[in-house]
Each structure stands twice: as structure tokens, then as C-alpha cells.
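> this is the structure alone, sequence omitted:
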């Protein structure tokens, strides 16, 4: 009897082993992706798309905070008038939330690349480190202290990442960029799903050094010696013309309003509520800037809010009129009809009619479902180099020449938004020659350089970068809006509030980080380098 029991147990074990082997075969679908057959390149494209496509959130806040756009619609009171409207404050945490998702995709890309073939994927891994810094710089510049060294390491058992000091983050970002950019090898294969440069490793190398320049220049207020060291190190290795611009092209055929796969601010409903700000339009008009006739248009009279906004308007520079920030449609003292030089308007839509005479971003240039999103431009790098030269740092060229390069590149880059925004080369040359860099004083030169940086990033719809550089440089000198009920005491916000769910998901580290912020987790607090 015992013998049969032993044989029975052996038979069951054997059957179990066979069954397990068969089940493993059954449950392993050869058509499904696994770690061994998954191409990590696709994660690069995914992270690039998500990083670039934050335009709606910057439309709500930074675009109007920086007086590049203006709105009378209550939804934009968050940025236009510094009022936290209802639950819209959740949007202030989106750069944090979406940014770490992107960073997670990058780290997973690198893990898979190392697992498959670290030599063959050498450039992809290095580009991953550059992308990580690109993503994290925007997060830390927006909020201050954030996770860096322990970020997106849940697979290593770190569920509650510590918030690093921003000073430490900046030290690490510079070192990480230095190592990653040096590792790039133009003789090795580039990434195959690269939405920025289509796998061009040489351009990635320039991008790495240009990003390093931007990271370094953020430190001009708080640590000018370190800013100078790193700027001088990379000054001759950055972008050389607008063909180096980091741009992500979107595909109109892939538009999905639910998952945000279109270019920012490319839907009619958003467009109805914003206009170019008076501050920007006046800047262009006062300097006879040729960009005025290619970025703006005055809509035709008689259109209602729900009319076809694809109808182009009047692009004549003489009729362009910016909307002043800080007004509404509430019928009181701050109603747009009471603004200075109010032009009136016609139309049957009660919300739209008063706005009909103000300049909106030009339909053909900015209202396309498929189009470019600017990540980092030649103009930005040249303006930063011009500033470095004004500061007396040891880099090649003159401040005036770098300024000319930046101004020329900024205007030329509009053609990359759409061919219809191309400015005649002779007009560009004339404008640049008529508006040379005034170096009569350091502050005068810095004001000119950073005002043009603001114009360049604003007209390229890179509103977040316009805000961040404004915080660093304090130019242009914007007049804050002191709208009734604002939460900043009539001052322009210097940071965004942390993602609200952090108090639940990472409570102790979140509380420790907030405790270090002078004034607390509020819009008026300043990040470490913004002193």
C-alpha cells in the first residue's frame, strides 16, 4: 500500500511538472512584448511627447502670468489675476505629476537598454540621462526642493523618495549632463524613435551642452562663480544656428482630445478665451518689430464665440492691439469695457463680442493640430551667451554679436512654426541693425537681452521657460496685476504649489520639504536660486 502511495505522489508530481511546463507555454504569447524583445527606443518617444505636450497647463498659468497672453475668462484668473479658482489649483501640480511619469519612462528605457545590450544602446542610455535632467530642471525650477537622487526608484524599493535640496539638485544636474554629453559617440547608432532629432547624435551633443548652459545660467543670482565656470566650459559647444533647435513635431492625424496628443493650444475652445497681451504687442510695436505682422491677427467682426474660428483675421501690423491683463467680463470696474483705449467689438456672442478687436495668435501659425513644439532654441542659447559676455566672462565673441545671433535666430525660427510666419531676410537685417545691444550699462544690456528672451520664448509658445528666465533675470519689468481677491498680494507668482496628493503618497518627505520653504507651499515663495 505504501508503495502505491509513493508511486502516486511521484506520478502527481510528474504530471504537475508537465502541466506547469505546458501552462508556461500556453501563457507565453510570442506576439506579446517582453523585456527581451521590447525596443526601449519607444519609451524615449513617449517621454518626449509627454514632456513637450504640457502646453495647456502653461496656457492656464505662465502664459498670462508673463503677460504674453491675456484673458477675460474666469478660467484664466488663476494665471492672469493670481486667483486660485476652485479645483483648478490641481493644475499647479501637473508639472510635478507628469514630469515624474516622464522621468520614470526614461529610467525604464535605460534599464531595458542595459539589460539588452549596453554597448549597442550606449547613446540611448546617455540621451536618457540628458532627458532626465531636462525633465527634472523644469520640475525643480517650478517647485524648488523635489526628489532627484531617489526619484522614480520604486523598483529598487524606494517608495517614499526624499526631497533633495535644490542646490544639491543643480550640482548633480551639471555633473550628470557633463558625463552624459561626453559619453555620446557619433560613431555609434543613435536612437531610432527620437522625436527631437531623428537619431542625430551630433545634434544631441549640442543639445546636451546647450542645456548645460541653461542650467548654469540659472545660478547667476545665487552662485555666479559656479555659473561662470560651467558657462565658460560649454560656450563653444552649443547650438550654432536655428537648424539645431530642439523641436518636436506633432501629427494632426493622431489628435486625441482625451490623451493630449496634439500640440498645445490647438483647439478652438481654448483659443476663444485668450488674446496677445498688450504688454507684448506694445513691445513689438514700439520697436517696429517685424514679428508683429506674422504672430497676430484681429478677428473679423460679427463672429460669435461658437463661430468657425478657422477664418483668418487681419494681420496688418498697424491694426494689432494687445489686450490688457487683469480685466474680466463681469460688468464691474474691472470689466474689459472699462479698460483704457477699449476698442469695442461686435458680434452676437455675449462672451466673445468685446474681444473681437483684440489681436489673437494667428490662426495659420498657432491653431494647427499638427505643428512644432519648441523645447530649446538657438536664440535662447545666444541670448544667454550675450549675457555671459556682458558679465565679463571668458567666452569667445562679443556680447553684441551673440545678441545679434539671438535676435536673428528668434525671428527666423517663426518660420519653423509655419512657412507663412517667415519674415523677409532684409527686414530681419534692418530690424537687428536698428536695435543694437546698448551696453552703456550692465543693467541696460541685461534688460535688453532678457526682454528679447521673453519675446522669443513667448512667440514660440514656450511660456514656462519665459517665466523661469524672468524669475532668474527679473526682466522685462512687468507691472503686476492687483485684481480683487488675488492670493499673492498683487505680485506675480514665483513658484507653483506641490502636487496635492504628495501629502498622502509621500507625507513625511513632503512635510519636511514644505517646512524648509520660507512662507510655506504658496505661490509667492521663491526657489533657492531665485533670490
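Sure thing, it's come through. Note that the coordinates shown come from a computational prediction; the quantities given were computed from them, not determined experimentally.

> and the residue nearest the centre of this structure?
residue 464 (5.1 Å; C-alpha atoms, centre = their mean).

> roughly how far does that residue sit from residue 212?
Distance from residue 464 to residue 212, counting by C-beta to C-beta, to the nearest Å: 19 Å. Every C-beta, even on glycine, is put in place using the N, C-alpha and C of the backbone.

> buried sites along stretch 415-423?
416, 417, 418, 421, 423 (16 or more other C-beta atoms under 10 Å).

> give the buried residues for stretch 179-186.
For stretch 179-186, burial by neighbour count (16+ other C-beta under 10 Å) applies to 180, 181, 183, 184.

> surely the first one meets residue 129?
Just to be clear, that refers to residue 180. Yes. Between residue 180 and residue 129 there is a contact under C-beta atoms under 8 Å: 3.6 Å.

> list the residues that contact residue 132.
103, 106, 107, 176 (C-beta atoms under 8 Å, 6 or more residues apart in numbering).

> name the nearest of these relative to residue 235.
Checking the contacts of residue 132 against residue 235 with C-beta to C-beta, the nearest one is residue 176 at 19.5 Å.

> what's the average pLDDT for the host helix or strand of the closest one?
Element membership for residue 176 (DSSP states H and E) is helix 166-183. Throughout helix 166-183, pLDDT has a mean value of 98.

> helices and strands around that helix, which ones?
Counting contacts by 3 or more C-beta pairs under 8 Å, 6 or more residues apart in numbering; DSSP states H and E, helix 166-183 packs against helix 122-143, helix 201-217.

> what's in contact with that helix?
122-123, 125-127, 129-130, 132-133, 136-137, 140, 144-146, 148-149, 164, 205, 208-209, 211-212, 215-216, 218-219, 222, 230, 233, 527-529.

> go ahead and confirm residue 220 touches residue 472.
Yes. Using C-beta under 8 Å, residue 220 is in contact with residue 472, at 6.5 Å.

> need the residues touching each of those two.
Common contacts of residue 220 and residue 472 (C-beta under 8 Å, 6+ apart): none found.

> sorry, back to before: just give the closest residue to the residue nearest to the centre of the chain, not the sequence neighbours.
residue 58 (4.7 Å; C-beta to C-beta, 6 or more residues apart in numbering).

> repeat that for residue 460.
Residue 460 sits nearest to residue 374 (C-beta to C-beta, 6+ apart), 4.3 Å away.

> low-confidence bits of this structure, can you list those?
For the chain, applying pLDDT under 70 flags the ranges 1-37, 54-56, 85-88, 252-271, 301-311, 345-354.

> what element comes up after the strand or helix carrying the residue nearest to residue 464 heading to the C-terminus?
Here residue 58 sits within helix 55-60, counting by DSSP H and E. Going down the chain from helix 55-60, the next helix or strand is helix 62-65, by DSSP H and E.

> how far does that following helix sit from the chain's center?
From the chain centre to the centre of helix 62-65 is a distance of 13 Å (C-alpha atoms, centre = their mean, to the nearest Å).

> just checking, what packs against that helix?
helix 77-80, helix 463-473.

> all helices of the stretch 351-500 of the chain, in order?
Ranges of helices within the stretch 351-500 of the chain are 363-366, 378-390, 399-412, 414-417, 425-434, 442-459, 463-473, based on DSSP state H, counting those that start in this stretch.
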